[in-house]
Structures are given as C-alpha cells and as structure tokens.
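Trainee: A structural model of the following input is requested.
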Amino acid sequence: MRLLQRYILSQAFWPLVISLSALAALALLTQSLQTLDLIVENRQSAATFFYITLLALPQLITIILPLATFMAVLYALNRLNMDSELIVAKASGITPWQIATPIIRLGVYAMMAHLIINLIVQPFAFRELRKEILTVRTDIASQMVQAGRFITPAPNLTVYVREIGADNSLKDILIFDARTQDTEITHTAKFGVINGQGNAININLKDGFVQQRLPSGKIDLIGFDNYQIDMSDIIPLDNVLRLKTTDRYLHELLRPNPREYLTRKIKRELRAEGHSRIVAPLYNLALPLLALCFMISGQHLRLGYGRHIALCACIGFSARITGFALTASAEANTAMNIGQYTLPLLIIITSMAYLFWPQMKERKDAASISRYDIKPSISA
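Mentor: Residues are numbered from 1 along each chain as shown. Prediction:
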C-alpha cells in the first residue's frame, strides 16, 4: 500500500517541479524585461540586473505555485488513468481515500511552502529589492552624465564626459555653466568624480582649467589642481525608503504602526493583502482536491478524460482568478475579506464530501445491515 502511494506521489511531484520551473522561468523573463529598462537607463552592471530579477522570484512563485500544483495533479492522474493503473488499483480493493492521500499530501506540502514564502521570504526579498532599486535610482553619475554625449541636466548647464569608469570616475570632462545671469563659465578637466552625501551633490575636478568671459570680451583662464562644483540644486535626491504592501510582514499588514498616519484606504489595502497572504496557500490544497473529483471518481472512460480535464481546468483557473478579484475587491470593501476565505474553503469541503461521502455511506449501510441481519430459523 505504501509503495503504491509513494508511486502516485512521485508521478505528481516531478511534473510539479517541471511545470513550476517552466512557469517561473517564463514569468521571470517577463519581469526581467521590465527591469532591463531601469538597468539600461541608469547604466548598471549585469550583476545588479540578475540580483534585482532574482529578488522578484518569490512573489512570482507564490502566484504560480497553486496553478503548477493543479496542472501537475491533472497530468499525473490522467496518465495513471490512461495506463489503467488506477483501474487495477481499484479492482484490487484500494479505496479512493488511499489513492487520494498522496495527492492531498503533495497539496499540503505545497501549501506549507507557499505559506513560508508569503510570510517570511517574500517580504524580506521585496525589502531588499526596494533598497536596490532606490540605490539604482539615486545613482548620481548615471543621472547626470553619459559617456560620449552632451547632457543637459538643467537649463543653461551642459555636461560632457568622454569616459566613465566602473567606479564612476570621469575622464575628459567639459562643463558649460550659464545658470548665473550674464556669466558663462566653462570647466574642463582630465579627471573627476561625483560625490553625494545626504542631499549634497558635488563634482570634484582634477587637473583642469576654468574659462570665464569677462565684460570686456576677454577670456579669463585659470588652471587648477582640484576644483569642486556644487550640483545640489540640479538633481534633488529622495533617499527615503518607502515600503509598499508587498514589502511588509504579516503583522505590519494586519496591525500597522499607528505612527505612520495611514489613511483608511491604505489600511483597507494592507488588510486585504494580509488576508490574501493567509488565504492564497489554501488553493494548493483546494485545486488538487478539485482534480481528484474529476479524475478518480466515477467510471473509467475508455475514450479518455479530455472533457473532464477541460471542465476541471476551466473551474480551477476560474476559481483562482476569482480569488484575485476578491482580493482586489477587499481593498475597497473590508467585508470581502470573508469571501477570500470562503471560496477555497468551499472548494475543499465540497470536494472532500463528493469524494468520500459515498464511501462513508456504504460503510454506514453495511454496518446497519450487519446489526439487524437475522438468520432464518430452520424448521424441524
């Protein structure tokens, strides 16, 4: 018996791994295309690109995992049916509960993994992601200069740099500054570096010249070894890390800090996200149970289970989409949070009743018959 259950579990586990990997890779590719624009615009390294993309993976897995489990169970049960393995198992006295146990166990494992990701891994990863994006967006050098191009970060200010090093060092710099009325200053230097501390932004130039046109029309040329230009009013930096709903832990969603002075709308959104973190793992159990209802109950179909699979897939995917819709509705109406719990629990209870109520009824009837069965007397 245990050997058969291990076999059924293995038949569903490996399709789950393959489908989850394929769907995660596809979703990761879509996510990476959005990240690519940010990386290219701010001239970040490939390591930064892969790190930001990897940090987005936990949320993608939480979205995909229930559907991957559902598809893996459908595939495994259809394969066992087409090979007549379930028919042989039922003929040998294996009950539907014994067949369903490995699938339910797989759903429970997926539900536990999903819950851990929702409560611990995803908030941690998204906080790191938010910090990394903030670092990229506040990269001063990437916003102010571009190698080989004349950039105008502000009116009457033009910056040119021939080469930018990996450490944001600048080579062959030209800065034309006409922000002051009736004054035009041109800075040229062989080397330079951009420094930012707090809200202060400075360009430190080395080994260059300052050219200024005098009112008489002559050019005043002054050489320097070190020269500093204040650019704080050019690129205002916002270094404050602001957390979104996806970045918060469960206790921060359900019981937000009163010092944050959140509006009612934001509080509703936080609660909806918090309840969604708890409810979403239930679909890892609800959808496999739904697949069991269509694939192991009833008579064996010699022509295949195509219609059953199609109907089951439509119901399963519709249920999951409805779950997303309930989460979105709960952001506007807190009463819809009850609906988030109701849908997966209703699927679980209904599926369990459909699967195992006939078996329980047969046992009850058999017990009642054996209790009141009276042997006929033999007349002399």
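
Trainee: all contacts plus neighbour counts: C-alpha atoms, from now on.
Mentor: Fine.

Trainee: The most centrally placed residue in the chain is in what secondary structure piece?
Mentor: In the chain, the centroid-proximal residue (CA atoms, centre = their mean) is residue 59; its distance is 1.9 Å. Per DSSP states H and E: residue 59 is located in helix 57-82.

Trainee: Just the pLDDT for the residue lying closest to residue 336 once chain neighbours are set aside.
Mentor: Closest residue in space to residue 336, ignoring its immediate chain neighbours: residue 330 at 4.7 Å, by CA to CA, 6 or more residues apart in numbering. Residue 330 is assigned a predicted lDDT (pLDDT) of 93.

Trainee: My read is that residue 330 contacts residue 324, right?
Mentor: No. With contact defined as CA atoms under 8 Å, residue 330 and residue 324 do not form a contacting pair (9.9 Å).

Trainee: who has more neighbours, the two?
Mentor: Comparing residue 330 with residue 324 by neighbour count (other CA atoms under 10 Å), the higher total belongs to residue 330, at 24 against 16.

Trainee: Assumed residue 162 was part of a strand.
Mentor: Yes. Counting by DSSP: H, G, I helix; E, B strand; the rest coil, residue 162 falls inside a strand.

Trainee: Can you tell me, leaving aside adjacent residues, what's nearest to it?
Mentor: residue 148 (4.7 Å).

Trainee: Next: residue 295.
Mentor: Counting by CA to CA, 6+ apart, the residue nearest residue 295 is residue 77, at 6.3 Å.

Trainee: What distance do you get for that neighbour to residue 17?
Mentor: As judged by CA to CA, to the nearest Å, residue 77 and residue 17 stand 16 Å apart.

Trainee: same deal with residue 279?
Mentor: Looking at residue 279 against residue 17, where the rule is CA to CA, the gap reads 22 Å.

Trainee: Just want to know which of the two has more residues nearby.
Mentor: A side-by-side neighbour count of residue 279 and residue 17, using other CA under 10 Å, places residue 279 first with 21 against 14.

Trainee: what's residue 245 in contact with, if anything?
Mentor: By CA atoms under 8 Å, 6 or more residues apart in numbering, the residues touching residue 245 are 253, 269, 270, 273.

Trainee: List the ones among these that fall in helices.
Mentor: Here DSSP state H is the test, and the contacts of residue 245 give 253, 269, 270, 273 as lying in helices.

Trainee: what residue ranges in the stretch 101-250 of the chain score low on pLDDT?
Mentor: 136-144, 166-168, 196-200, 232-241 (pLDDT under 70).

Trainee: if I've got this straight, residue 206 is in a helix?
Mentor: No. Residue 206 is assigned strand when assessed by three-state DSSP, not a helix.

Trainee: Skipping adjacent residues, who's closest to it in space?
Mentor: residue 226 (4.6 Å).

Trainee: Show me where the protein has its strands.
Mentor: 150-154, 157-164, 169-177, 185-197, 200-213, 219-230 (DSSP state E).

Trainee: Out of the ones you listed, flag the one nearest residue 112.
Mentor: strand 185-197 (44.5 Å; CA to CA).

Trainee: Now do the buried residues in the closest one.
Mentor: Across strand 185-197, burial judged by 16 or more other CA atoms under 10 Å covers 185, 186, 187, 188, 189, 190, 191, 192, 193, 194, 195, 196.

Trainee: With respect to residue 262, which of those is nearest?
Mentor: residue 196 (31.6 Å).

Trainee: what separates the residue nearest to residue 295 from residue 86, distance-wise?
Mentor: Taken as CA to CA, the span from residue 77 to residue 86 is 8 Å.

Trainee: what touches both of these two?
Mentor: Common neighbours of residue 77 and residue 86 (criterion: CA under 8 Å, 6+ apart): residue 296.

Trainee: what's the burial count for residue 314?
Mentor: If we define neighbours as other CA under 10 Å, then residue 314 has 11 of them.

Trainee: how close does it get to residue 290?
Mentor: Taking CA to CA, one finds residue 314 at 11 Å from residue 290.

Trainee: Same question for residue 297.
Mentor: Residue 297 is 11 Å from residue 290, by CA to CA.

Trainee: Looking at the two, which is more packed in?
Mentor: Legend: neighbour count by other CA under 10 Å for residue 297 and residue 290, higher for residue 290 (24 against 12).

Trainee: My read is that that one contacts residue 347, right?
Mentor: Yes. Residue 290 sits in contact with residue 347 when judged by CA under 8 Å, with a separation of 7.2 Å.

Trainee: residues in contact with the closest residue to residue 164 other than its chain neighbours?
Mentor: Distances taken as CA to CA, 6+ apart place residue 170 nearest to residue 164, at 4.9 Å, with adjacent residues excluded. Residue 170 sits next to 161, 162, 163, 164, 191, 192, 193 when contact means CA under 8 Å, 6+ apart.

Trainee: Dump those to CSV, plus distance to residue 69.
Mentor: Formatted as CSV, the contacts of residue 170 follow (distance: CA to CA, whole Å):
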residue, distance to residue 69
161, 53
162, 54
163, 51
164, 49
191, 58
192, 56
193, 53
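
Trainee: Going by distance to residue 5, which of these wins?
Mentor: residue 164 (62.0 Å).

Trainee: Distance to residue 131 added to the strands of the chain, as a markdown table?
Mentor: Below are those laid out as a markdown table (distance: least, CA to CA, whole Å):
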| stretch | distance to residue 131 |
| --- | --- |
| strand 150-154 | 25 |
| strand 157-164 | 24 |
| strand 169-177 | 23 |
| strand 185-197 | 17 |
| strand 200-213 | 20 |
| strand 219-230 | 26 |
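
Trainee: closest one to residue 286 among the ones you listed?
Mentor: Evaluated over the strands of the chain, closeness to residue 286 peaks at strand 185-197, with 52.8 Å, by CA to CA.

Trainee: Show me what the closest one is packed up against.
Mentor: Contacts defined by 3 or more CA pairs under 8 Å, 6 or more residues apart in numbering; DSSP states H and E place strand 185-197 against helix 140-144, strand 169-177, strand 200-213.
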